[in-house]
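1. Take a look and give me a structure for this.
(one chain, ligands or ions: 2)
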Amino acid sequence: MTSLNFTCLDDYDPNSLSVERARQLMLDTLSPVSGHERVFVRQALDRVLVEDVISPVDVPAHDNSAMDGWAVRHEDLAPTGETRLKNIGTAFAGRALEGKVGAGETARIMTGAVLPPDIDTVVIQELVRVEGDTVIIPPGQRREQNVRLAGEDLRTGSPAIPAGKKLRPAELGIIASLGIAEVSVRRRVRVALFSTGDELCSIGTPLYPGEVYDSNRYTLWGMLTRLGCEVIDMGVVKDNPASLEAAFREASGCADAIITSGGVSVGEADFIKQLMQQLGEVAFWKIAMKPGRPMAFGRIQPDGAEKPGAWLFGLPGNPVAVMVTFYQFVRPALLKLAGVSPVAPLPTLSARCVEPMKNGKGRTEFQRGMLFQENGEWCVRPTGMQGSGILSSMAKADCFIVLEPDREKVGAGETVQVQLMNGLV
Ligand code: AMP
Ligand code: MG
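-> Numbers count the residues shown, from 1 in each chain. Ligands and ions are numbered 1, 2, ... in the order given. Below you'll find the predicted structure:
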């Protein structure tokens, strides 16, 4: 069985772990899944590159013009006063000038056209007067202006995109610009997902008194899908040891990671925790945060070292706590498993908070907020009731307002740190 080695971090206290510390512990413990595949450029969107893309060519391949204008030899230009040159033809993008531009001559040149031999400078057409065959260039032209040099973007043999990059449209463009049709990407992370709770009812069935519809599986499915994971939805599992054990065994046999919701809070039946620990090596953390204080992290490996098992993220049951813990911990952890390197935190900006807020001492509070601009300044407003079961205020939010552990109060108009999350899962 893999040893999680949490104990080697002797100064950590599972009863009060800071958000940063918990996140770091997870990231230090995890390593990328193995396995990769070759895919065509379009299929590579949002996939993670496993090896550097090395440029097989210079980009651009030739010195060429950055503007529509006139191709000149800088040495022909008079340092002061106008220069009169003879027009000998046109260089088009994709159709080079036939012949050479000699001393005292110029050629019309279009954007992207290959520079004729000996040409080192392009003068934009707006600056130039043309009288019949004569082209009159004003003084003050810089050598190599409006010229794109061969290899100035990428040199042959240089790394164009580093391994660990999640490929976005810009990278697809770079790959295509190098003439490359296929790249190697890491296989998707497989995540098995189930909700726990006797009170949970699946959509499509009537709700009996005391029951709630299982919503977590849908938000989690959405977040996992957005992250590019392969999701195995195992439904709702009742709070009984046999069903839970069967679910953990099945999940650990087919997935890299298991995400559960519910069953890790103090008031929950202890057997869920016992079971998690019995089936693997699991730490129960009380994170100094709100919402999302209880959380389990570890490895489920029911057959010991014989089978690889799966990482476990045991999230709290409350729907907002599920989302907050996902953004703070599961997102970076899954990115690490997916081979993304470096794993960047959610972008943070300073904004003026337009309403007063309170925080309990010694913990980080994540309030749901909505950003807006006022007089060119970013401002933020909480989106309403902040209870950890109130999903509607999460749906209105585009950011988290982060209240640090040492910040008990925020007055209206004070600056706060805001974590962007819209579109980031
Ligand atoms: P627990 O962490 O299991 O104690 O659950 C905390 C709260 O979250 C309870 O009110 C549960 O009913 C609610 N809850 C747990 N799981 C879900 C779920 N999958 N969908 C919606 N609410 C849930
Ligand atoms: Mg429960």
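2. so how many other residues sit close to V123?
-> As a burial measure, V123 scores 26 neighbours (other C-beta atoms under 10 Å). C-betas here are computed from N, CA, C, even on glycine.
3. What lies in contact with whichever helix or strand it is part of?
-> Under the criterion DSSP states H and E, the helix or strand holding V123 is strand 121-124. For strand 121-124, the surrounding residues in contact (C-beta atoms under 8 Å, 6 or more residues apart in numbering) are 65-74, 77, 109, 115, 137, 141-147.
4. Repeat the analysis, applying 6 Å as the threshold.
-> Among residues not part of strand 121-124, those counted as contacts by C-beta atoms under 6 Å, 6 or more residues apart in numbering are 65, 67, 69-72, 74, 109, 137, 141, 143, 145-147.
5. buried residues in stretch 220-240?
-> Neighbour-count burial for stretch 220-240 flags 220-221, 223-224, 227-229, 231-232, 234, 236-237, 239 (criterion: 16 or more other C-beta atoms under 10 Å).
6. before we move on, back to that, adjacent strands (with direction) for the next helix or strand after the strand holding V123?
-> Towards the C-terminus, the helix or strand next in line after strand 121-124, according to DSSP H and E, is strand 129-131. Sheet pairing for strand 129-131, assigned by DSSP bridges, gives strand 134-137 (antiparallel).
7. With just CA atoms, put the partner strand into PDB.
-> Below are the C-alpha coordinates for strand 134-137, written out as PDB (Å, rounded to 0.1, in the frame of the first residue of the first chain):
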ATOM      1  CA  THR A 134       9.200  57.100 -58.900                       C
ATOM      2  CA  VAL A 135       8.600  56.400 -55.200                       C
ATOM      3  CA  ILE A 136       9.500  59.200 -52.800                       C
ATOM      4  CA  ILE A 137      10.500  58.100 -49.300                       C
END
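8. after it comes which helix or strand?
-> Scanning forward in sequence from strand 134-137 by DSSP H and E, the next helix or strand is strand 147-148.
9. model confidence over the next helix or strand after that next one, on average?
-> Using DSSP H and E, the next helix or strand after strand 147-148 towards the C-terminus is strand 159-161. On average, the pLDDT along strand 159-161 is 97.
10. buried set for strand 159-161?
-> In strand 159-161, counting by 16+ other C-beta under 10 Å, buried: A160, I161.
11. Could you pull out the helices in the stretch 151-300 of the chain for me?
-> According to DSSP state H, counting those that start in this stretch, the stretch 151-300 of the chain carries its helices in the segments 169-177, 216-226, 241-254, 270-278.
12. Cross-check the contact I'm expecting between F194 and V237.
-> Yes: judged on C-beta atoms under 6 Å, F194 makes contact with V237 at a distance of 4.9 Å.
13. other SSEs contacting the lowest-mean-pLDDT helix or strand in the chain?
-> Sorted by mean pLDDT, DSSP states H and E, the helices and strands of the chain end with helix 270-278, the least confident at a mean of 85. If you count contacts as 3 or more C-beta pairs under 6 Å, 6 or more residues apart in numbering; DSSP states H and E, helix 270-278 packs onto helix 241-254.
14. which helices and strands does the helix it packs on pack with?
-> Checked by 3+ C-beta pairs under 6 Å, 6+ apart, helix 241-254 has strand 230-237, helix 270-278 packed alongside it.
15. Contacts for it next, please.
-> Counting by C-beta under 6 Å, 6+ apart, the neighbours of helix 241-254 from elsewhere in the structure are A192, F194, M234, V237, I258, F271, L275, L279, I300, P302, G309, A310.
16. List the buried residues in it.
-> Neighbour counts using 16+ other C-beta under 10 Å place L244, E245, A247, F248, E250, A251, S252 of helix 241-254 among the buried residues.
17. Tell me the one of these nearest Y213?
-> A247 (19.6 Å; C-beta to C-beta).
18. Now do the closest residue to that closest one other than its chain neighbours against I401, distance only.
-> In space, not counting the residues next to it along the chain, A247 is nearest to V237; the distance is 4.6 Å by C-beta to C-beta, 6 or more residues apart in numbering. Relative to I401, V237 is positioned 34 Å away (criterion: C-beta to C-beta, to the nearest Å).
19. Cheers, nothing more for now.
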